[in-house]
Structure formats: C-alpha cells, structure tokens
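# Need a 3D model of the sequence below.
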Amino acid sequence: MANAGTLIHPSAIVDPDAKLGLGVQIGPFSVIGPEVEIGDGCIIGPHSSFIGPTRIGRDNRFIGHIAVGGDPQDKKYNGERTELIIGERNTFREFVTLNRGTSGGGGVTRIGDDNWMLAYTHIAHDCEVGNHCVFSNNTTLAGHVTIGDWVIISGFAGAHQFCKIGAHAFLAMGALVNGDVPPFTMIGGNSLGRPRGINSEGLKRRGFDPERIASIKRAYRTLYVAGLPLADAKAQLLEQGKHSEDVRLMLQFIETSERPLLR
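Numbers count the residues shown, from 1 in each chain. All right, here's what the predicted structure looks like:
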C-alpha cells in the first residue's frame, strides 16, 4: 500500500500488502515483499530486495543492491515467523545484507538509529545494534552479536557468535573478536584482535573531558595491564566506580557478560 508522495520506479515490484510511508522512493528493479513496512522518507536504490516481516523507521537510505530481511542463515531455521526491525536515519551502502532473527534467539534482529553501514556489511540473525555506530566495508557480525552505541568497526573486522561489544569501542582493520569487548576499549587488528588501550580519540570527539578519559584509562589499566586476576580487577573497578559513571558502565558490562572477556 503506497501513500501520496511515494515515487516507485515502473520496473520495481511492490507487494500490495507492503506498507509504504510518505515520500518513500523505490528505485529500478527493487522488490518489496509482503509484511514489509517502510517509514516516511526512506530511499531505496536499485536492485534491492526487502523480505518480511520487516519494519523500518523513517528517513533511512538504502543505496542499492541490498538484501534486507532475508531468512536467517541458520540450519535450525524451519520457516518460523521472525522479524527484522530497523530504526531511523540509518544509511546502508551497497551489498549490505540484513537477516531476520530465529525463534531460538528471541525472533528479532534489531538495528537502532543513526548508524552508517558501508559496503558488504553483514548483520546476521538475532543481532542487536545500538545507535550512532559506523561499520566499515566488509564488517561481519555472526549470529546473536550485541553492539552498543557509538561503536566503530573498521574494514574486514568481525565478531564471533554471541559476542558483546560495549559502547564507544573501536575495532581496528581486520580485527576478529571471539570474546566480549568492554566499553571504550580499542581492539588491534591483524586476525585475532587483542585490547590495545582505550578509544581516547573517539571519546574526545564525543565531548568526553580529560577527567572522564583519565578515569577510563585507569580502569583499563586495572583490567588489562596490572596483571590482576579478574576477580581482583573487578574489586578495584568497584572502588573506582564510586567516582565514575563510565567505570560503573564498564563493571556492569563485565558482570553481565556471558562469554569470556577478550583479554
């Protein structure tokens, strides 16, 4: 169902049960299936496919040659009803693939607002991506990965199934992570990634003052440099967290991690 102001190229195929908001533009040879809802102001480039159930917020840009809402790449999937939910003002570049969830993983793949996903990014089933993230070319998330706000992932980097990457973390080019990455942490590249300090430049750009950054650096040294057993490091972080909300965020992340920390 199209509203006034939508622009649909004559070669595009839009199912009658799809719901298109105001001002939606659909380019040549794109296919919009049933149970797809596209919010106001979205722009869809050529040769793109949208499969439902998929719900998309307003003002998203899909540049072209994109596969959105495809079946999860999971052998256990047997046609159950699962969905993909996308927020607002995201940009998805060429050949991005976004899969729906699985019944065993909660049934939903969810992407937040104001993210920038460059060419060949892959978001697998049951992933949860926060807001204001940047995924460079060929970023790959396996199933059930959780990404916090303001995370930057460089080209050809990726995360193992069920990993969590905390807010403001940074993965260098080619970094592959198989454990949880605490907030603010910078992960070095060259195959299996390892912690290499905190994302201080990114924090400066986002308005963190020197005192906040110093507290985060102190917490990082406690966790990664001091050589302490994890239990002892957590005890020190608990003390440091009395004076820093950011350290409390790190400690909360550690306490709720289900996979081992990347150390």
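
# Contacts only, for Asn138.
119-121, 155-156 (Cβ atoms under 8 Å, 6 or more residues apart in numbering). The C-beta positions use only the backbone N, C-alpha and C, and glycine is treated the same way.

# Let me see the domain layout of this structure.
Following automatic domain parsing, one finds the domains of the chain at 7-144, 204-256.

# now the end-to-end length of the last one.
Start to finish, the residues bounding domain 204-256 are 27 Å apart (Cα to Cα, to the nearest Å).

# Now find how far off-centre that domain is within its chain.
Centroid separation for domain 204-256 versus its chain: 23 Å, with Cα atoms, centre = their mean, to the nearest Å.

# Now it: average pLDDT?
Here domain 204-256 scores 96 as its mean pLDDT.

# residues in contact with the helix or strand containing Gln236?
If you go by DSSP states H and E, Gln236 is part of helix 230-240. With contacts defined as Cβ under 8 Å, 6+ apart, helix 230-240 is touched by 215, 218-219, 222-223, 226, 228, 247, 250-251, 254-255, 261, 263.

# Identify, from these, the entry nearest to Leu98.
Distance to Leu98 across the contacts of helix 230-240 (Cβ to Cβ) is lowest for Leu261, with 28.0 Å.

# pretty sure the closest one is touching Asn178, no?
No: with contacts counted by Cβ atoms under 8 Å, Leu261 stays clear of Asn178, the gap being 11.0 Å.

# picking that back up, pick the most buried one from the domains of the chain.
domain 7-144 (a mean of 20; mean count of other Cβ atoms under 10 Å).

# Between the two ends of it, what distance do you get?
Note: domain 7-144 ends 36 Å apart using Cα to Cα.

# residue closest to the middle of the protein?
Geometric centre of the chain, nearest residue: Val129, 3.0 Å, by Cα atoms, centre = their mean.

# which residues does that residue contact?
110-112, 115, 123, 141, 147.

# Mind picking the two most distant members of these?
Gly112 and Leu141 (13.7 Å).

# counting contacts, what elements does the lowest-mean-pLDDT helix or strand in the chain pack onto?
In the chain, the helix or strand scored least confidently by mean pLDDT, DSSP states H and E is strand 191-192, which has a mean of 74. Where contact means 3 or more Cβ pairs under 8 Å, 6 or more residues apart in numbering; DSSP states H and E, strand 191-192 is packed against strand 175-177.

# next one: phi and psi at the nearest residue to His9 once chain neighbours are set aside?
In space, and not counting its chain neighbours, His9 is closest to Pro28: 4.6 Å by Cβ to Cβ, 6 or more residues apart in numbering. Dihedral pair for Pro28: phi -60, psi 140, per degrees, to the nearest 10.

# what about Pro28, distance to Gly64?
Pro28 is 9 Å from Gly64, where distance means Cβ to Cβ, to the nearest Å.

# Adding secondary structure and distance to Lys164, write the contacts of helix 230-240 out as CSV.
Below are these laid out as CSV (DSSP: H, G, I helix; E, B strand; the rest coil; distance: Cβ to Cβ, whole Å):
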residue, secondary structure, distance to Lys164
Ser215, helix, 22
Arg218, helix, 22
Ala219, helix, 17
Thr222, helix, 20
Leu223, helix, 15
Ala226, coil, 23
Leu228, coil, 22
Val247, helix, 18
Met250, helix, 12
Leu251, helix, 14
Ile254, helix, 10
Glu255, helix, 12
Leu261, strand, 10
Arg263, coil, 14
